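K.L.:
Turn this into a model:
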Amino acid sequence: MHNDSREAPILDSGITCWRLEPAQRIAFLIDGAYFSAAEAAMRKAQRSILLVGWTFDARTTLKPMAWQAARRSVSIAELLKSLSAERPELEIRLLIWKAAPVISAPQAFFPQRSPRYFKNSRVRIHLDNSVPFGASHHQKILVIDDKIAFCGGGDFSTGRWDSPAHLDREPRRRKPSGRPYGPRHDVMMLVDGGAAAALRDLAAERWLRATGEALDEVRSVGRDDPWPDHVRSDVTHQRIGIVRTEPRWRSRLGTRENEALHLRAIRAAQRSIYIENQYFTSPLIADAFCERLREANGPEIVLVLTKQGPSYFDHALMDPARNALVSQLMNADVFNRFRAYCPQTALGQPIVVHSKLAIVDDRFVRIGSANLNNRSAGFDTECDLAFELNSELDGASESDDSARAVQSFRATLISHFLGSTAEKFEQAFDLSGSVITAIERLDSGARRRLLPLQPTTSSILGRVIAAYHLGDPTGAVDAWRPWRRRR
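P.N.:
Numbering: from 1, shown residues only. Below you'll find the predicted structure:
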């Protein structure tokens, strides 16, 4: 592989992203920070709240409290209805995937039950099923007044909030019934400017296809700024790539920008690839990883994954394929530059990794809804945001500041799994220049916090599932013809 290909831009409009748009402010929101930031932004909304989601539970509280005080907390439905009643000029629209009953049943049949919570209000909620049979609308986007937008892995649903401490005993981590749920990790990105406007265009196009209603652009209301007051920007003045997946279906040609971006970023990496993801079942991405691991001077590759799929579907259909691909990478790792880790709490409780994030060489950051599986490449709808630092565009000093911010973000993510601090991780990294070495120096206690993933031997059924990627089609064409995706 020629070095020139790694110096070329990773983001390329029309190939690895849909559009490249400017953002003056960019913030990384880890775990429950999304709920508090979203609430603050919605309370500042003047003209429009536009939400696109995979699921939505109207009972979700944005400021979780201990169970004894939960009755005093305000649900997202109550918040949106009160905002709509107070501000007649505020339009609130929720566009949520109309999940199949087999998916919504474990979620108390939400989002199907959510519309009843908005009866006799001006809040509009529409359940969208305009995807191929078996596919889902998986995008997670929240746009406020067309000025700021959130995008990433988070939905407003019960069982989704957690603090970065991921405590074994967290009284705020309870369902509406009072039943506790386990620790969970997620990440969102918040942007403003042209990037937010582009996300509005994407969400508005979805709304038009689903409802037939074309949305007018929001007229600026003076200098009102819906950016949450308590959220500081982590990086400034970058061009943001809006990256989509849409299935090829009916008259639509489909887009596979997410897959193209994954592959180009892997090929462009020079020193390190750090990835958090819910699933890892894509053979194309695994092959790209293996190619880099076989290079004498290739990058380190660190994957952070959930130890075991939390649902029956995940465990039965996704884990066997993941285990096979991790084994493939271990066999290709002739220079000892690959690790797959599973985070766990101080007492050994698995942490569900729901984030979809990649950081390459401290110069490229990607956060969104797309998993490292076949579905996210071409069967479901997805949306990610990404940026790459460019010293020629930013100027040397500003680029150095941005690079340090990206390094700090990665250190914060890794150290919060380790129960350590970003400063300690950065010190360990500076000594070795290796993400893997820094992790293993800090994680040397009696109980590992980032447990090395040990792929298990699959049953005959598991090997069939892994070979044919059952439940994980690459697109509508092979949705019901799994022999087309035989490894």
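
K.L.:
which helices and strands does the biggest helix by length in the chain pack with?
P.N.:
When the chain is parsed with DSSP state H, its longest helix is helix 396-418. Here helix 396-418 is seen to pack against strand 19-30, strand 235-246, strand 272-276, strand 357-360, helix 422-432, helix 435-442, strand 450-452 when contacts are counted using 3 or more CB pairs under 8 Å, 6 or more residues apart in numbering; DSSP states H and E. C-betas here are computed from N, CA, C, even on glycine.

K.L.:
In CSV, list the C-alpha atoms belonging to that helix.
P.N.:
Coordinates of each C-alpha in helix 396-418 appear next as CSV, following Å, rounded to 0.1, in the frame of the first residue of the first chain:
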residue,chain,number,x,y,z
ALA,A,396,-0.7,25.2,12.7
SER,A,397,-1.5,26.4,16.2
GLU,A,398,-5.2,25.8,15.9
SER,A,399,-4.6,22.4,14.4
ASP,A,400,-2.3,21.5,17.4
ASP,A,401,-5.1,22.6,19.8
SER,A,402,-7.6,20.5,18.0
ALA,A,403,-5.3,17.5,18.0
ARG,A,404,-4.8,17.8,21.7
ALA,A,405,-8.6,18.0,22.1
VAL,A,406,-8.9,14.7,20.2
GLN,A,407,-6.2,13.1,22.2
SER,A,408,-8.0,14.2,25.4
PHE,A,409,-11.3,12.8,24.2
ARG,A,410,-9.7,9.4,23.5
ALA,A,411,-8.0,9.5,26.9
THR,A,412,-11.3,10.4,28.6
LEU,A,413,-13.1,7.5,26.9
ILE,A,414,-10.5,4.9,27.7
SER,A,415,-9.8,6.2,31.3
HIS,A,416,-13.5,6.2,32.2
PHE,A,417,-13.6,2.5,31.4
LEU,A,418,-10.5,1.9,33.5
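
K.L.:
So for Arg124, which of the helices and strands packed on helix 396-418 sits nearest?
P.N.:
strand 235-246 (23.3 Å; CB to CB).

K.L.:
Can you point out the buried residues in the closest one?
P.N.:
By neighbour count on 16 or more other CB atoms under 10 Å, the buried set for strand 235-246 is Val235, His237, Gln238, Arg239, Ile240, Gly241, Ile242, Val243, Arg244, Thr245, Glu246.

K.L.:
Need the max-distance pair from those.
P.N.:
His237 and Glu246 (29.5 Å).

K.L.:
coming back round to it: from the buried residues of strand 235-246, which single one is nearest Ala428?
P.N.:
Val235 (23.4 Å).

K.L.:
Next one: the closest residue to that closest one other than its chain neighbours relative to His185, how far apart?
P.N.:
Nearest residue to Val235 in three dimensions, chain neighbours excluded: Ile26, at 4.4 Å (CB to CB, 6 or more residues apart in numbering). Distance of Ile26 to His185, computed by CB to CB, to the nearest Å: 20 Å.

K.L.:
Just the element for Val302, please.
P.N.:
Counting by DSSP states H and E, the element that carries Val302 is strand 300-304.

K.L.:
What strands line up against that strand, and which way round?
P.N.:
Note on strand 300-304: by DSSP bridges, its sheet partners are strand 272-276 (parallel), strand 338-343 (parallel).

K.L.:
thinking again about what came up before, now the helices and strands packed on helix 396-418 in JSON lines, with mean pLDDT and distance to Gly153?
P.N.:
Compiled in JSON lines, the helices and strands packed on helix 396-418 are given as follows (pLDDT from 0 to 100; distance: least, CB to CB, whole Å):
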{"stretch": "strand 19-30", "mean pLDDT": "98", "distance to Gly153": "10"}
{"stretch": "strand 235-246", "mean pLDDT": "97", "distance to Gly153": "14"}
{"stretch": "strand 272-276", "mean pLDDT": "98", "distance to Gly153": "9"}
{"stretch": "strand 357-360", "mean pLDDT": "98", "distance to Gly153": "8"}
{"stretch": "helix 422-432", "mean pLDDT": "97", "distance to Gly153": "21"}
{"stretch": "helix 435-442", "mean pLDDT": "97", "distance to Gly153": "21"}
{"stretch": "strand 450-452", "mean pLDDT": "97", "distance to Gly153": "19"}
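
K.L.:
who are the neighbours in contact with the closest residue to Ile76 other than its chain neighbours?
P.N.:
In space, and not counting its chain neighbours, Ile76 is closest to Thr60: 4.8 Å by CB to CB, 6+ apart. Counting by CB atoms under 8 Å, 6 or more residues apart in numbering, Thr60 touches Ser75, Ile76, Phe156, Ser157, Thr158, Arg160.

K.L.:
Who wins on neighbours among those residues?
P.N.:
Tallying neighbours with other CB atoms under 10 Å puts Phe156 at the head of the contacts of Thr60, with 29 neighbours.

K.L.:
Roughly how far does the residue nearest to that one when sequence neighbours are not counted sit from Gly53?
P.N.:
In space, and not counting its chain neighbours, Phe156 is closest to Thr60: 4.7 Å by CB to CB, 6+ apart. Look at Thr60 and Gly53: by CB to CB, they are 11 Å apart.

K.L.:
which residues are common contacts for those two?
P.N.:
Contacts common to Thr60 and Gly53, judged by CB under 8 Å, 6+ apart, are Phe156.

K.L.:
what angle do the longest helix of the chain and strand 300-304 make?
P.N.:
50 degrees (axes from the mean of the first three to the mean of the last three CA atoms, to 10 degrees).

K.L.:
orientation of helix 396-418 relative to strand 19-30 in degrees?
P.N.:
40 degrees.

K.L.:
in helix 396-418, what counts as buried?
P.N.:
Of all the residues in helix 396-418, those buried under the rule 16+ other CB under 10 Å are 398-399, 402-403, 405-418.

K.L.:
Then stretch 90-103?
P.N.:
Buried residues in stretch 90-103, counted by 16+ other CB under 10 Å: Leu90, Glu91, Ile92, Arg93, Leu94, Leu95, Ile96, Trp97, Lys98, Ala99, Ile103.

K.L.:
I'd like the residues you listed laid out as CSV, including distance to Phe150 and secondary structure.
P.N.:
What follows is those, written out as CSV (distance: CB to CB, whole Å; DSSP: H, G, I helix; E, B strand; the rest coil):
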residue, distance to Phe150, secondary structure
Leu90, 18, coil
Glu91, 18, strand
Ile92, 15, strand
Arg93, 15, strand
Leu94, 14, strand
Leu95, 15, strand
Ile96, 15, strand
Trp97, 17, strand
Lys98, 22, coil
Ala99, 21, coil
Ile103, 23, helix
